[in-house]
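**Q** Could you work out the structure for the sequence below:
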Amino acid sequence: MSFALAFAALLAAPAAEPAPPAPVPRCGYRVVQSYPHDTNSFTQGLFWHGGHLYETTGQYGSSRIARLDLATGKALAETKLPADQFGEGSTRWKDQIIGVTWQRGIGHRWRIKDLKPVGDFRYAGEGWGVTMVGDSLVLSDGTPELRFFDPATMTEQKKLTVRLSNTPLPMLNELETIDGEIWANVWMTEAIVRIDPDSGAVKYIVDLDGLRDQAGGNDRDAVLNGIAWDAKAKRLFVTGKYWSKLFEIALTDCG
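**A** Down below sits the predicted model:
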């Protein structure tokens, strides 16, 4: 689905007020560099830590958490999820990786140094993406709501409705936190939205139209998904499900 068609569908409901809301600024992109990505990886979660990418993947029987070598895309270490669990997003918290699953309501904790399991937990509803915002773990579940949890106890703290031009925005998927904003893939589109974590308002739309074609994403499920931020080097990485490439990109023309 193209960027324009997807967002037209999401905003098809009539506005509550007769006057149209102010348009949300958009950003373009340029590719800084591309790297190999495993075409068997149904990418669900992606983050950067300590010189490596960490990726969680989905699909029953092949879900895993892996530490990746950026230059080759190969797994340096990995731990598989049980075959009856569909892996989703992941994020770092202290010396742990916290990951969620799609419909089982089961979350996992792995030790980041060796990816060994250190416990699991339960939560209500679906799990799509996760990220840390301050001291809270934020979970997306495909709805317009982001849910905030205490990462130590997984006690739910609050909910935040994400709105694009005052309209609730569903299909929020993989999450990343960059300079205080929550960045979210919008499932089945070529867009990332940048969200104010206090108000839920979408501040910018990052239009990545054409990137999927560069990665050879021909399968219907081969959609944009995966955002990682190297805060030290200020590098932004994106990829997608079953893509042959992972891209370092820079934003252009924001406004």
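
**Q** Distance check, residue 105 against residue 127.
**A** The gap separating residue 105 from residue 127 is 8 Å, by Cβ to Cβ, to the nearest Å. All C-beta spots, glycine's among them, are computed from the backbone N, C-alpha and C.

**Q** What of residue 234?
**A** Applying Cβ to Cβ, the value for residue 234 to residue 127 is 29 Å.

**Q** And those two? Which one has more around it.
**A** Using other Cβ atoms under 10 Å as the criterion, residue 234 and residue 127 rank with residue 127 on top: 26 against 10.

**Q** which residues touch the nearest residue to that one once chain neighbours are set aside?
**A** With sequence-adjacent residues excluded and distances taken as Cβ to Cβ, 6 or more residues apart in numbering, residue 127 is closest to residue 100, at 3.0 Å. Taking Cβ atoms under 8 Å, 6 or more residues apart in numbering, we find residue 100 in contact with 88, 89, 90, 106, 107, 108, 123, 127, 128, 130, 139.

**Q** Over to residue 214?
**A** With Cβ under 8 Å, 6+ apart, residue 214 has these contacts: 31, 34, 245, 247.

**Q** Run a quick neighbour tally on residue 161.
**A** Neighbours of residue 161 (other Cβ under 10 Å): 13.

**Q** From residue 168, how far out is it?
**A** 6 Å.

**Q** Kindly report the same for residue 229.
**A** Taking Cβ to Cβ, one finds residue 229 at 26 Å from residue 168.

**Q** do the same with residue 52
**A** Residue 52 is 36 Å from residue 168, by Cβ to Cβ.
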